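Q: Quick one, structure for this:
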Amino acid sequence: MADGEAVRRVETGGAAGFWAPGSRILWRYRENGGTHVHIARPVTVVRDDADLLAVWLAPGTECVKPVLADGTPVHLEPLESRYTKPRTVQRDRWFGTGVLKLARPGEPWSVWLFWEPGWRFKNWYVNLEEPLTRWAGGVDSVDHFLDISVHPDRSWHWRDEDEFAQARRDGLMGDQQAEKVREAGRDAVEVIRAWGPPFSEGWQQWRPDPSWAVPSLPEDWDRTPAHVSS
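A: As a prediction, this is how the structure comes out:
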């Protein structure tokens with residue numbers, strides 16, 4: 001697919017407002033407690049319909065990520081000051097193997113699939129977040145810190161509980177919002193225990209189309225959408 005064709009499909013949203021497989025869009029996150037985009041990842045659409053948006057984040061994709069104002073990676077900053085020190089953003093490449101991201105409309109989490117080199121399936125990762133909002137160039141959300149790892153043997157465990165607690169202490173999330181996130185996490189756990197979609201759908205056997213090129217990061221990756229929808 002030529003770049004111009006991909007862009008046209010992205011801007012129109014395809015038939016019935018859905019993106020065609022192979023379209024290139026942005027998967028973005030706004031900063032917590034703010035309005036600016038601080039994470040932007042160009043991805044390729046695998047499937048998009050009324051039930052599911054599936055996208056592929058290819059290895060080596062140029063992305064935007066948050067860093068501290070002095071350039072220190074966020075994860076290297078002590079937890080006590082991680083969310084209070086000034087930040088900026090920088091361009092970087094997605095390191096390691098690619099990621100398949102799955103999101104159902106209106107659901108307050110997305111499910112990511114990770115592989116080891118050689119396509120040995122590693123795990124599912126439930127990223128608790130605001131339900132995705134769609135706009136002409138992609139989807140936006142806000143990360144909610146708390147996550148869940150799900151292993152091939154169907155065992156699971158909470159992730160980043162310390163970051164979730166610190167974000168609350170630093171005022172990035174109030175009591176009411178925190179309870180909504182916990183409720184979303186409990187709902188996700190029920191899906192895991194019942195082994196419902198997408199865990200039961202065999203996505204770990206999926207492979208990207210070898211003809212897909214790695215999407216490029218547009219210069220206006222942080223543009224404000226003219227219209228968004230859930």
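
Q: Could you use CA atoms for every contact and neighbour count after this?
A: Noted.

Q: in the longest helix along the chain, what's buried?
A: In terms of residue count, the longest helix belonging to the chain (DSSP state H) is helix 175-194. By 16 or more other C-alpha atoms under 10 Å, the buried positions in helix 175-194 come out as Ala178, Val181, Ala184, Gly185, Ala188, Val189, Ile192.

Q: What helix or strand is the closest residue to the first one other than its chain neighbours located in?
A: To tie it back to what came earlier, the one meant is Ala178. Distances taken as C-alpha to C-alpha, 6 or more residues apart in numbering put Arg168 closest to Ala178, at 7.6 Å, once the chain neighbours are dropped. Assigned by DSSP states H and E, Arg168 falls within helix 161-169.

Q: helices or strands next to that helix in the packing?
A: On a contact count with 3 or more C-alpha pairs under 8 Å, 6 or more residues apart in numbering; DSSP states H and E, helix 161-169 meets helix 79-82, strand 138-150.

Q: How far does stretch 35-53 sit from its chain's centre?
A: 7 Å (C-alpha atoms, centre = their mean, to the nearest Å).

Q: For it, output the C-alpha coordinates as PDB.
A: Coordinates of each C-alpha in stretch 35-53 appear next as PDB, following Å, rounded to 0.1, in the frame of the first residue of the first chain:
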ATOM      1  CA  THR A  35      -4.400  17.500  28.100                       C
ATOM      2  CA  HIS A  36      -1.100  17.100  26.100                       C
ATOM      3  CA  VAL A  37      -0.200  13.900  24.300                       C
ATOM      4  CA  HIS A  38       2.900  12.400  25.700                       C
ATOM      5  CA  ILE A  39       2.900   9.000  24.100                       C
ATOM      6  CA  ALA A  40       2.400   8.500  20.300                       C
ATOM      7  CA  ARG A  41       2.900   5.200  18.500                       C
ATOM      8  CA  PRO A  42       2.300   4.700  14.800                       C
ATOM      9  CA  VAL A  43       0.600   1.300  14.300                       C
ATOM     10  CA  THR A  44      -0.900  -0.700  11.400                       C
ATOM     11  CA  VAL A  45      -4.600  -1.800  11.600                       C
ATOM     12  CA  VAL A  46      -5.100  -5.600  11.700                       C
ATOM     13  CA  ARG A  47      -8.900  -5.500  12.200                       C
ATOM     14  CA  ASP A  48     -11.400  -2.800  12.900                       C
ATOM     15  CA  ASP A  49     -15.100  -3.400  13.300                       C
ATOM     16  CA  ALA A  50     -17.900  -2.900  15.800                       C
ATOM     17  CA  ASP A  51     -16.500  -5.500  18.100                       C
ATOM     18  CA  LEU A  52     -12.700  -5.000  18.100                       C
ATOM     19  CA  LEU A  53      -9.800  -2.700  17.100                       C
END
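
Q: ok, and for it, which residues are buried?
A: For stretch 35-53, by 16+ other C-alpha under 10 Å, it's 37-48, 53.

Q: Point out where this protein drops to low pLDDT.
A: 1-16, 226-230 (pLDDT under 70).

Q: Do a quick rundown of the strands in the protein.
A: With strands called from DSSP state E, the chain shows them at 24-30, 37-48, 53-57, 62-68, 87-93, 99-103, 109-116, 120-129, 133-135, 138-150, 156-159.

Q: same for the last one, what does it pack against?
A: What that stands for is strand 156-159. In terms of contacts (3+ C-alpha pairs under 8 Å, 6+ apart), strand 156-159 is packed against strand 138-150.
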